[in-house]
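Undergrad: Have a look at this prediction, sequence included:
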Amino acid sequence: MKTGKIISTGSYYPEKILTNADLEKTVETTDEWITERTGIKERRISAETQCASDLACEAAKSALKNSGISADELDMIIVATVTGDMQLPSTACVLQDKLGASNAVAFDINAACSGFIFSLSVANSFIKAGSHKNILVVGVECLSKFTDWEDRTTCVLFGDGAGAVIIQPSDDESGILSTDIHSDGKYAELLCVPAGGSKMPPSEDTLKNRDHYIKMRGNEVFKIAVKTLENLVTDTLKKNNVDPSQLSLLIPHQANMRIIQATAARLNLPMDRVFVNIEKYGNTSAASVAIALDEAVRTGRIKRGDHVLLEAFGAGLTWASALIKW
Ligand code: COA
């Protein structure tokens, strides 16, 4: 049984930059508050004409280019997103067509900010089963289109972008050593988009009440995230007999700098072994870990043989980790 190996990465973020100074002009906030409480300085905003599959397509093309395989060699496409092009069909199907990946089965996974690692886990199961050999996994979000730009408690947090990886069976001891995926639906209402689904279909009232936008009880989510992620990372390393001192790089979901620091502290990991790019992109949900992984690869932060730990936490609530030997 061969485990999966990430053979290439890619990412894309829209050109438009929205800074904290820009937000100071539209809601009652300050650069100082946003920087201190979150670590975010700016985020990317997709153009009016850009949707999730457009961003995903750019990231996927870059990962394909770096892999040396062509789109028609892909046998599976998994897209992690909560801001897909349409309610149906899946964004993965739209992406399949845009890439010309006609031999791939394509489907979406909704696990919010944990979606990319959930998708890695699902992809790796297919690789281990031996049924698929060239899997494209994309994390993509156009959160700006679901953000209430009048709500200062959420609009300063989110951004748009996409990250992608190609996974193949590993021929040596490198690859995905383990994945851990978890959910707890009793906290569903802490972070949600209430309207637009079968529970609250679109109506004049839902529009008037701004129910199609992201609602978050941030402080409650924050406390659960810190505790859960601390346990998750220690459990994952223990399960794999990897001491934190052997970890070359932690690539955390980029939601809040204070959450990232708390998780690193729990592992006694100095911040130079933690990948952080939250200041540039904010929280891009399912795209966050995928974009960070691509940047870490491109900037030479990951070498062959390194142990790399990915982790994320998000709506659902969901949380997930993946330990990789590069
Ligand atoms: N600018 C200025 N003040 C703001 C503000 C903003 N953009 N947003 C909120 N505030 C105010 C609040 O109204 C509150 O004021 P009050 O004390 O007068 O009521 C005060 O700041 C503190 O708010 P609070 O929500 O307790 O702050 P916090 O320290 O918890 O930080 C978040 C808020 C959202 C940054 C933080 O809770 C967080 O990151 N949560 C988790 C996000 C996350 O991980 N999500 C999961 C994955 S998507």
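TA: Sure, I can see it. Residues are numbered from 1 along each chain as shown.

Undergrad: Just say helix, strand or coil for the residue of the stretch 1-150 of the chain found nearest the ligand.
TA: At 3.3 Å from the ligand, Thr29 is the closest residue in the stretch 1-150 of the chain, using CB to the nearest ligand atom. To be clear about C-beta, it is placed using only N, CA and C from the backbone, and glycine gets the same treatment. The local conformation at Thr29, judged by DSSP: H, G, I helix; E, B strand; the rest coil, is coil.

Undergrad: and the residue nearest to it when sequence neighbours are not counted, how far is that from the ligand?
TA: Nearest non-adjacent residue to Thr29, counting by CB to CB, 6 or more residues apart in numbering: Arg152, 4.9 Å away. Arg152 is 4 Å from the ligand, where distance means CB to the nearest ligand atom, to the nearest Å.

Undergrad: and Arg152, how many neighbours?
TA: 16 (other CB atoms under 10 Å).

Undergrad: Likewise for Glu230?
TA: Counted with other CB under 10 Å, the neighbours of Glu230 add up to 17.

Undergrad: On the three-state scheme, it is what?
TA: Assigned with three-state DSSP, Glu230 falls in the helix class.

Undergrad: I'd guessed it sits against Thr263; true?
TA: Yes. Between Glu230 and Thr263 there is a contact under CB atoms under 8 Å: 6.0 Å.

Undergrad: hang on, Val297 packs against Thr9?
TA: Yes. Val297 is within contact range of Thr9, at 4.9 Å (criterion: CB under 8 Å).

Undergrad: neighbour-wise, which of those two wins?
TA: Neighbour comparison, Val297 and Thr9: the larger count goes to Thr9, with 23 against 19 (by other CB under 10 Å).

Undergrad: Please identify which helix or strand holds that one.
TA: strand 4-12 (DSSP states H and E).

Undergrad: what's near enough to touch the residue of the stretch 1-150 of the chain closest to the ligand?
TA: Asn20, Leu23, Arg152, Val156 (CB atoms under 8 Å, 6 or more residues apart in numbering).

Undergrad: how about the residue most central in space within the chain, what does it touch?
TA: Most central in the chain under CA atoms, centre = their mean is Ala286, positioned 2.6 Å from the mean C-alpha point. By CB under 8 Å, 6+ apart, the contact set of Ala286 is 80-82, 111-116, 139-141, 314.

Undergrad: what does this protein put close to the ligand?
TA: Proximity of the chain to the ligand (CB under 6 Å from any ligand atom) is limited to residues 29, 33-34, 37-38, 113, 152-153, 156, 218-219, 221-222, 225, 255-256, 259, 283, 313-314.

Undergrad: How is this protein divided into domains?
TA: 4-171, 177-325 (automatic domain parsing).

Undergrad: now those domains as TSV including mean pLDDT?
TA: Below are the domains of the chain laid out as TSV (pLDDT from 0 to 100):
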stretch	mean pLDDT
domain 4-171	98
domain 177-325	97
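
Undergrad: Tell me which of those domains is the most buried.
TA: domain 4-171 (a mean of 21; mean count of other CB atoms under 10 Å).

Undergrad: Not counting sequence-adjacent ones, nearest residue to the residue of the chain found nearest the ligand?
TA: Relative to the ligand, the nearest point of the chain is Gly218 (2.9 Å; CB to the nearest ligand atom). Leaving aside its sequence neighbours, Gly218 sits nearest to Thr153 (CB to CB, 6+ apart; 6.0 Å).

Undergrad: Would you mind confirming that the one you found is in contact with Lys215?
TA: No. Counting by CB under 8 Å, Thr153 stays clear of Lys215, with 9.3 Å between them.

Undergrad: Assign a three-state SS to Gly197, would you?
TA: With three-state DSSP as the criterion, Gly197 reads coil.

Undergrad: Look up how far Val82 lies from it.
TA: Distance of Gly197 to Val82, given as CB to CB, to the nearest Å: 11 Å.

Undergrad: Same check on Phe126?
TA: 22 Å.

Undergrad: Likewise for Glu73?
TA: Glu73 sits 29 Å away from Val82, taking CB to CB as the criterion.

Undergrad: now Ser198
TA: For Ser198, the distance to Val82 equals 16 Å [CB to CB].

Undergrad: show me what contacts Thr38?
TA: By CB under 8 Å, 6+ apart, the contact list for Thr38 reads Val156, Leu157, Asn256, Met257, Arg258, Ile278, Gly282.
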